[in-house]
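**Student:** Based on what follows, work out the 3D shape:
(chains A and B)
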There are 2 protein chains.
Amino acid sequence: MEETNLNQTIRCIVKLGGAAITCKNELEKINEENLETVSSHLRQAMNLGSCSKQVMGMDWSKRDAVSDISSSLCDFGDQCQFNVDFSRFVVVHGAGSFGHFQASKSGVHKGGLNQPLVKAGFVATRISVTTLNLEIVRALAREGIPSIGMSPYSCGWSTSERNVASADLSGVAKAIDSGFIPVLHGDAVLDERLGCTILSGDVIIRHLAEHLRPEYVVFLVSFSRLVNSIDLLLHAPKIGLFTLHCTCLPLFHACLPINVIYKTDVSGVYDRPPTDPNAVLLREIAVDEDGKWSVVKPTPQSLNKQVEITVAAHDTTGGMVTKISEAAMIAKLGIDVYIVKAATSHSLRALRGEMRHDIPDDWLGTVIRFSR
Amino acid sequence: MEETNLNQTIRCIVKLGGAAITCKNELEKINEENLETVSSHLRQAMNLGSCSKQVMGMDWSKRDAVSDISSSLCDFGDQCQFNVDFSRFVVVHGAGSFGHFQASKSGVHKGGLNQPLVKAGFVATRISVTTLNLEIVRALAREGIPSIGMSPYSCGWSTSERNVASADLSGVAKAIDSGFIPVLHGDAVLDERLGCTILSGDVIIRHLAEHLRPEYVVFLVSFSRLVNSIDLLLHAPKIGLFTLHCTCLPLFHACLPINVIYKTDVSGVYDRPPTDPNAVLLREIAVDEDGKWSVVKPTPQSLNKQVEITVAAHDTTGGMVTKISEAAMIAKLGIDVYIVKAATSHSLRALRGEMRHDIPDDWLGTVIRFSR
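**Tutor:** Below you'll find the predicted structure:
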């Protein structure tokens, strides 16, 4: 894979969770309110040095068949005093209620592009996820963020047995160096062995983090409701009270007792199903050089139970297990990872990088970092 | 620039003119009727060997907020007898009433990405043209064409003083070899010298033709009404009765008497403004090794006047002059070029390649080919 040269360090790679920006249980429906708040937070986080409150909207297209172009343009001209210098972010979003239906209906993630249904599903999936991508780029642009949609398939991302085999990171770097905010997404891609598969946003994040080395990574999550958590799971012996080995995701699936439960108002990663009134938010997870992770905050002594994580059965890209596993692999590189509920004051603080030294007591979320 | 290897020859590169698929005088409005007909023609042309009339729609997304996904899916399953083997086409479309407003308002084509307005315009232009691209991909997918949007900016296209400096053609080739129909478009791109500019669909076509060497190229055009044709032009001495030198477009602008008039029901390239009742359709233009072109059909003897072509003033990408110039450069490579009115029986015949040997007397359009 080619080397990626950047003029300057990237500040942050942020993942907009599919569930945070779409209504996950309604087909192809954007959560407009959340998306608007997240976009505004991103502008505030990217534009730290600026006190200007004036926003130069960059979406000059029609919305909902209403031509409101003139209104977004009338503000500039003579008084073009806008701050368009944003700090260096990359945005990656999940699919939520876009793409999943098309992908699972056709089995795109399992490959077999020579089958008509898979081929059709590949096309249909890309239409759905690029529709979402365009809407997110537009929402960010309306906030004055110079966002540029970069669809992984088009940007030369491909896989080999679901691992990234190629990715044109120089295009991403060039966009950043030109002052744009690239917006990537989970996508259907070609796979050297399988023919095709789904490349999840989380895998993209890890690959970008490895090669672009941002200062920190933020996962903006939201679990809109408890989903059927089928016990795939896996009652193997626990390895230490709060230590879960996660050097490798497949291993995970094969032998470890990992459960993540999705529920309203989940702020991060919990020690057990957050429906349980005694569930405790894991505030800091340390990852060692071998990729093993352990909870350091709250201290193991203050918790007298075992960490459980449940997998939601319908999430073809792996859901929370993938997320934690990917997060641990990013943290292993020495890059802090924050998992936090989208569109909250906590997520804004995470995006601003306020957690980089100490975790404030009033901050809700999970920090995953390398233990030196 | 990297070499492009294809498993097999490409049959056709087709340009969907912006004016043919959008309502050019109404902001961001698609000409749905034309787009539907063109999509159907493309399916028929790509699917020559097949007698199946059944279409497997590949757009499974919501349309106009109505969830009609089930209806597009209910046809397959057990009876999956669809032909998804299409002959190898590449589609490139213009912008029409998408993008032009944003580009000209901000001056993206002139460069200067460090200016806030240009930067905003770059973002706004890309939003507009990718919106159109998505709609075209969807229209083709509804016809069962396995179309894949490949936005030139994302695919690594960039320019140097408006000439193509880089382009990831291997991605296009890979998509074709995987059985997809890549759909590219005129786009805002980074320019090494200017910072940024507009890369027109016509320039993309020539670049693709040069490197992918299709059997033939079709320009589907439509001129919805007469536009103000300002006489940039240029009453230099005529060089031979029907011979216009066009080795190079800038030269053209500098010294040659070239006029193209846009008018309803224009079928191709005419010898003078087609508003003139005596205007004659130029049915065949020959291009020699030096890039000079001359009319061979109708014979010069049957025409006793001089060829005039007028430039429409508002078309930032050059309009018909660019088209003829680009077409001549493609023809010089030994690749036939057909310029024909979109969504007509004539354009269907051109897409099928019926003009490759003789031009039928009842066919309306202009063939530009290399004179051996």
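
**Student:** Surely residue A:296 is in a strand?
**Tutor:** Yes: assessed by DSSP: H, G, I helix; E, B strand; the rest coil, residue A:296 belongs to a strand.

**Student:** my read: it touches residue A:287, true?
**Tutor:** No: checked against CB atoms under 8 Å, the pair residue A:296 and residue A:287 is beyond contact range at 10.3 Å. In short, each C-beta sits where N, CA and C put it, glycine included.

**Student:** More neighbours: which of these two?
**Tutor:** residue A:287 (24 against 16; other CB atoms under 10 Å in any protein chain shown).

**Student:** Need the residues touching each of residue A:296 and residue A:287.
**Tutor:** residue A:371 (CB atoms under 8 Å, 6 or more residues apart in numbering or on different chains).

**Student:** The residue nearest to residue A:156 when sequence neighbours are not counted and residue A:152, how far apart?
**Tutor:** Distance criterion CB to CB, 6 or more residues apart in numbering or on different chains; nearest residue to residue A:156, sequence neighbours excluded, is residue A:168 at 3.8 Å. Distance of residue A:168 to residue A:152, given as CB to CB, to the nearest Å: 9 Å.

**Student:** now residue A:29
**Tutor:** Residue A:29 is 23 Å from residue A:152, by CB to CB.

**Student:** Neighbour count for these two, which is higher?
**Tutor:** The neighbour comparison of residue A:29 against residue A:152 (other CB under 10 Å) goes to residue A:152, with 29 against 16.

**Student:** now that we're looking at that one, which residues does it contact?
**Tutor:** Contacts of residue A:152 by CB under 8 Å, 6+ apart are A:167, A:184-187, A:189, A:199, A:204.

**Student:** what's near enough to touch residue A:108?
**Tutor:** A:102, A:118, A:121-122, A:125, A:188, A:196-198.

**Student:** okay, and for the stretch 151-300 of chain A, where does confidence drop off?
**Tutor:** A:223-265, A:273-274 (pLDDT under 70).

**Student:** Now do the helices in it.
**Tutor:** A:169-177, A:201-212, A:249-255 (DSSP state H, counting those that start in this stretch).

**Student:** how about the first one: buried residues?
**Tutor:** Right, helix A:169-177. By neighbour count on 16 or more other CB atoms under 10 Å in any protein chain shown, the buried set for helix A:169-177 is A:169-176.

**Student:** Can you narrow those residues down to the ones near chain B?
**Tutor:** Among the buried residues of helix A:169-177, the residues that sit close to chain B (CB under 8 Å from any CB of the partner chain) are A:170-171, A:174.

**Student:** Let me know how buried the spatially closest residue to residue A:336 that is not a sequence neighbour is, in neighbour terms.
**Tutor:** Nearest in space to residue A:336, with sequence neighbours left out and distances taken as CB to CB, 6+ apart, is residue A:216 at 4.4 Å. The number of residues packed near residue A:216 is 22, by other CB under 10 Å.

**Student:** For residue A:216, name its beta-bridge partners.
**Tutor:** In this entry, residue A:216 is beta-bridged to residue A:12, residue A:336, by DSSP bridges.

**Student:** shaky segments in the stretch 1-150 of chain A?
**Tutor:** Using pLDDT under 70, the flagged stretches of the stretch 1-150 of chain A are A:1-3, A:48-54, A:64-84.

**Student:** Return the distance of the residue in the stretch 201-350 of chain A positioned nearest to chain B relative to residue A:123.
**Tutor:** Relative to chain B, the nearest point of the stretch 201-350 of chain A is residue A:204 (13.9 Å; CB to the nearest CB). From residue A:204 over to residue A:123 the distance is 21 Å, taken as CB to CB.

**Student:** who's more crowded, the two?
**Tutor:** Using other CB under 10 Å as the criterion, residue A:204 and residue A:123 rank with residue A:123 on top: 32 against 26.

**Student:** What helix or strand is that one located in?
**Tutor:** helix A:116-142 (DSSP states H and E).

**Student:** how about that helix against chain B, any contact?
**Tutor:** Yes: using CB under 8 Å from any CB, helix A:116-142 reaches chain B at A:116-117, A:119-124, A:126-128, A:130-131, A:134, A:137-138, A:141.

**Student:** nearest to chain B, of the ones next to chain B among the buried residues of helix A:169-177?
**Tutor:** Nearest to chain B among these: residue A:171, at 5.4 Å, using CB to the nearest CB.

**Student:** list the contacts for the closest residue to residue A:366 other than its chain neighbours?
**Tutor:** Closest residue in space to residue A:366, ignoring its immediate chain neighbours: residue A:268 at 3.5 Å, by CB to CB, 6+ apart. Residue A:268 sits next to A:221, A:281-283, A:339-341, A:364-366 when contact means CB under 8 Å, 6+ apart.

**Student:** Tell me the residues of the stretch 151-300 of chain A that contact chain B?
**Tutor:** A:151, A:153-156, A:158, A:168, A:170-171, A:174, A:178-180, A:190, A:195-196.

**Student:** circling back to that earlier point, can you give me how far the helix holding residue A:123 is from the chain middle?
**Tutor:** With CA atoms, centre = their mean, to the nearest Å as the basis, helix A:116-142 stands 16 Å off its chain's centre.

**Student:** what's the answer for stretch A:140-153, then?
**Tutor:** Distance, centroid of stretch A:140-153 to centroid of chain: 15 Å (CA atoms, centre = their mean).

**Student:** What's the end-to-end length of that stretch?
**Tutor:** Stretch A:140-153 has an end-to-end distance of 21 Å (CA to CA, to the nearest Å).

**Student:** Stretch A:156-170 now?
**Tutor:** End-to-end distance of stretch A:156-170: 11 Å, with CA to CA as the criterion.

**Student:** Quick check: residue A:178 touching residue B:190?
**Tutor:** Yes: Residue A:178 is within contact range of residue B:190, at 5.9 Å (criterion: CB under 8 Å).

**Student:** Compare those two (neighbour count), which wins?
**Tutor:** Between residue A:178 and residue B:190, residue B:190 has the larger neighbour count (other CB under 10 Å), namely 26 against 18.

**Student:** so who does that one touch?
**Tutor:** Per CB under 8 Å, 6+ apart, neighbours of residue B:190: A:174, A:178, B:113, B:153, B:158-159, B:196.
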